[in-house]
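In: I need the structure of the sequence given here:
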Amino acid sequence: MTATPAAHQTPQKVLLRCFSEARLSTYLDHCGGELDPALTFYEWNTAISGAAWEVLIHVEVALRNALAAAMQRRHDRHRRAGSWLDDPAGELDAAARRDIDHARRRVWRSGHRPSDGQTIAQLGLGFWRFLIVRRYNTTLWPDLAGAFPHAPDRARSTVEEPTDRLHGFRNRVAHHERLWAQPLADRYADMLTLLGFIDPVLARWVANGARFPAVLAARPVMRPGRMVRQHALPVSGGPGDLVADPAG
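Out: Modelled structure (predicted):
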């Protein structure tokens, strides 16, 4: 039997085919098997993912720059030669050194000599998140605490806990997973909290342009036989549209 041409299928059926029924199954289950409400919820999940990503961009860039600057100050204070990325004192674990090596290889493959800035830009959030774990409590952390001058204290856990939660959340967003079961208001608070530890002015600037609260407020809700939005989805815009210099 010949498949029905896409031009003659309903938009709903095209979306179901292109996104796959397996991917939409949790949305369908949540909406009692009704396709139209499931697609409405899927659209909202896409919107909240985009709004989250706009804020996460700022968090990731600010965090890596703050930690990289602290590592550089530490390197200079100890009067070590070369770059802190070379780990001359052998303080980084094997995973961190491997991440740095892979980052430099990516820069080489792009046709450039891997400067510190270009290498730092290639290091993912996981690298920075694992610079503030317990194993570095007595080595790196006393200096890295200076990357967060506005934190309420110098306890490593004060910074690590929101960073750890955001690392997992960021990966969910990056892999296009469903977010509607996540404590989204809490993750937004984590983003602003971490930015505020670095600089409250930065946190306010990001919050002023963030679509996240408005998209969260527009989360669809089920009514008998139909799904409705509580508020209209906002139009994309604000600081989230400004992509930071990848060289950091």
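In: can you pull out the helices in this structure?
Out: Secondary structure of the chain by DSSP state H: the helices cover 11-19, 21-30, 35-77, 94-109, 116-122, 125-129, 141-144, 156-174, 184-198, 200-209, 212-217.
In: out of those, nearest to P234?
Out: helix 212-217 (4.3 Å; CB to CB). Where C-beta positions appear, they are placed from N, C-alpha and C, glycine not excepted.
In: Could you export that closest one as PDB, CA atoms only?
Out: Extracted in PDB, the C-alpha atoms of helix 212-217 (Å, rounded to 0.1, in the frame of the first residue of the first chain):
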ATOM      1  CA  PHE A 212      11.700  31.900  31.300                       C
ATOM      2  CA  PRO A 213       9.100  33.100  33.900                       C
ATOM      3  CA  ALA A 214       6.600  34.100  31.300                       C
ATOM      4  CA  VAL A 215       7.000  30.800  29.400                       C
ATOM      5  CA  LEU A 216       6.600  28.900  32.700                       C
ATOM      6  CA  ALA A 217       3.500  30.800  33.400                       C
END
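In: Distance check, A81 against A89.
Out: A81 sits at a distance of 11 Å from A89 (criterion: CB to CB, to the nearest Å).
In: ok, back up a step: I'd like the helices of the chain as JSON lines, with mean pLDDT appended.
Out: Compiled in JSON lines, the helices of the chain are given as follows (pLDDT from 0 to 100):
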{"stretch": "helix 11-19", "mean pLDDT": "82"}
{"stretch": "helix 21-30", "mean pLDDT": "82"}
{"stretch": "helix 35-77", "mean pLDDT": "95"}
{"stretch": "helix 94-109", "mean pLDDT": "96"}
{"stretch": "helix 116-122", "mean pLDDT": "96"}
{"stretch": "helix 125-129", "mean pLDDT": "96"}
{"stretch": "helix 141-144", "mean pLDDT": "98"}
{"stretch": "helix 156-174", "mean pLDDT": "97"}
{"stretch": "helix 184-198", "mean pLDDT": "98"}
{"stretch": "helix 200-209", "mean pLDDT": "98"}
{"stretch": "helix 212-217", "mean pLDDT": "96"}
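In: Throw those helices into JSON lines and include mean neighbour count and distance to H150, thanks.
Out: Shown next, in JSON lines, are these (neighbours: other CB atoms under 10 Å; distance: least, CB to CB, whole Å):
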{"stretch": "helix 11-19", "mean neighbour count": "13", "distance to H150": "42"}
{"stretch": "helix 21-30", "mean neighbour count": "15", "distance to H150": "39"}
{"stretch": "helix 35-77", "mean neighbour count": "19", "distance to H150": "11"}
{"stretch": "helix 94-109", "mean neighbour count": "15", "distance to H150": "26"}
{"stretch": "helix 116-122", "mean neighbour count": "20", "distance to H150": "22"}
{"stretch": "helix 125-129", "mean neighbour count": "19", "distance to H150": "18"}
{"stretch": "helix 141-144", "mean neighbour count": "18", "distance to H150": "15"}
{"stretch": "helix 156-174", "mean neighbour count": "18", "distance to H150": "11"}
{"stretch": "helix 184-198", "mean neighbour count": "19", "distance to H150": "5"}
{"stretch": "helix 200-209", "mean neighbour count": "16", "distance to H150": "6"}
{"stretch": "helix 212-217", "mean neighbour count": "18", "distance to H150": "21"}
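In: need those helices in a markdown table with distance to P234, can you?
Out: Shown next, in a markdown table, are these (distance: least, CB to CB, whole Å):
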| stretch | distance to P234 |
| --- | --- |
| helix 11-19 | 22 |
| helix 21-30 | 22 |
| helix 35-77 | 8 |
| helix 94-109 | 35 |
| helix 116-122 | 30 |
| helix 125-129 | 26 |
| helix 141-144 | 36 |
| helix 156-174 | 18 |
| helix 184-198 | 14 |
| helix 200-209 | 11 |
| helix 212-217 | 4 |
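In: Settle it for me: which of A81 and A89 has more neighbours?
Out: Using other CB atoms under 10 Å as the criterion, A81 and A89 rank with A89 on top: 12 against 7.
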